[in-house]
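>>> My questions concern the predicted model and sequence given below.
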Amino acid sequence: MTPAKPGGAPRPGPSGPAPYDPYAFEPFAVAVDLAVLTVRGGALHVLLVRRGQEPYAGAWALPGGFVRPRESAEAAALREFAEETGLAPELVGGLHLEQLRTYSEPDRDPRMRVVSVAFTALVPDLPEPVEEGGGDADGARWVPVREAPELAFDHGLILADARRRVGAKLEYTCLATAFCPPEFTLGELQAVYETVWGTGLDRPNFRRKVLATPGFVQPVPGAARLTGGRGKPAALYRAGPATTLHPPLLRPTEGPTA
């Protein structure tokens, strides 16, 4: 290579740079995995599929699969989620998936070197998946996170990371109101936070923080709902115009209990 000028970068020699040899590197595959979570029946659930092929045939796993040569990771994630759950592509196409992180341990897949780009989402109102599944899955269902079995590959780690990510999302956004009825009590809103965070919250402190956050919730004039307690009916609220929380509603420092 021709020496560089003082202070400059090296210059290619007369014959130019050495050609790139793609065979000098061991090939590997790129996959996607999805940790899609929701609140159902007062519990945090994750959508799992039962693997229909080796490795880990019969084990439960997160939906996912390999990225095709002319496909982006985001497009592969939506395609695999629709294929393995049987949910309508137009419904799946409307999901807002957030890239979680990349998992690249050399031995995470026994077949070959596989690098996975993982996505997560916390979404309300997703229907039941098609029970028999599709693609290389032979079953799909919502499973309470607390009752999730041991998952194939490193999907247990991905699920744990996803739970932390969506828990943080509730600290800074108004997403929790999407899991409440159109008109809700502050107790119902608190239950969403406790479900996702996996820990109890002090009721007066939670109420004070919510009402002090501009645009988070709006009172429904003259509306109230009887609750299980002996006190007066609880006031009703609806989601406010804000999308982010200022200041954030931080979870307790001890973190989730499960």
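Cool, got the structure. Numbering: from 1, shown residues only.
>>> where does the protein dip in pLDDT?
Counting by pLDDT under 70, the chain shows low-confidence ranges at 1-16, 131-137, 226, 228-231, 254-258.
>>> and the longest strand anywhere in it, which strands flank it?
If you go by DSSP state E, the chain has its longest strand at strand 29-40. Using DSSP bridges, the strands paired with strand 29-40 in its sheet are strand 43-51 (antiparallel), strand 64-66 (antiparallel), strand 114-122 (parallel).
>>> Columns mean neighbour count and distance to Thr244 on top of those, output as a markdown table?
Glycine gets a C-beta too; all of them are placed from N, C-alpha and C. Formatted as a markdown table, the strands paired with strand 29-40 follow (neighbours: other CB atoms under 10 Å; distance: least, CB to CB, whole Å):
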| stretch | mean neighbour count | distance to Thr244 |
| --- | --- | --- |
| strand 43-51 | 23 | 22 |
| strand 64-66 | 21 | 30 |
| strand 114-122 | 24 | 15 |
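>>> would you turn the ones you listed into CSV with distance to Ala18?
Listed next are those as CSV, based on distance: least, CB to CB, whole Å:
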stretch, distance to Ala18
strand 43-51, 44
strand 64-66, 32
strand 114-122, 26
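>>> Identify whichever of the ones you listed lies nearest to Ala57.
Nearest to Ala57 among the strands paired with strand 29-40 is strand 43-51 (5.6 Å), distances taken as CB to CB.
>>> pull the CA atoms of that closest one into PDB?
Presented in PDB, the C-alpha positions along strand 43-51 are these (Å, rounded to 0.1, in the frame of the first residue of the first chain):
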ATOM      1  CA  ALA A  43     -52.100 -11.200  35.000                       C
ATOM      2  CA  LEU A  44     -49.200 -10.500  32.700                       C
ATOM      3  CA  HIS A  45     -49.200 -12.900  29.700                       C
ATOM      4  CA  VAL A  46     -46.700 -13.800  27.000                       C
ATOM      5  CA  LEU A  47     -47.600 -15.400  23.700                       C
ATOM      6  CA  LEU A  48     -45.700 -18.700  23.300                       C
ATOM      7  CA  VAL A  49     -45.600 -21.300  20.500                       C
ATOM      8  CA  ARG A  50     -44.900 -25.000  20.800                       C
ATOM      9  CA  ARG A  51     -42.100 -26.100  18.500                       C
END
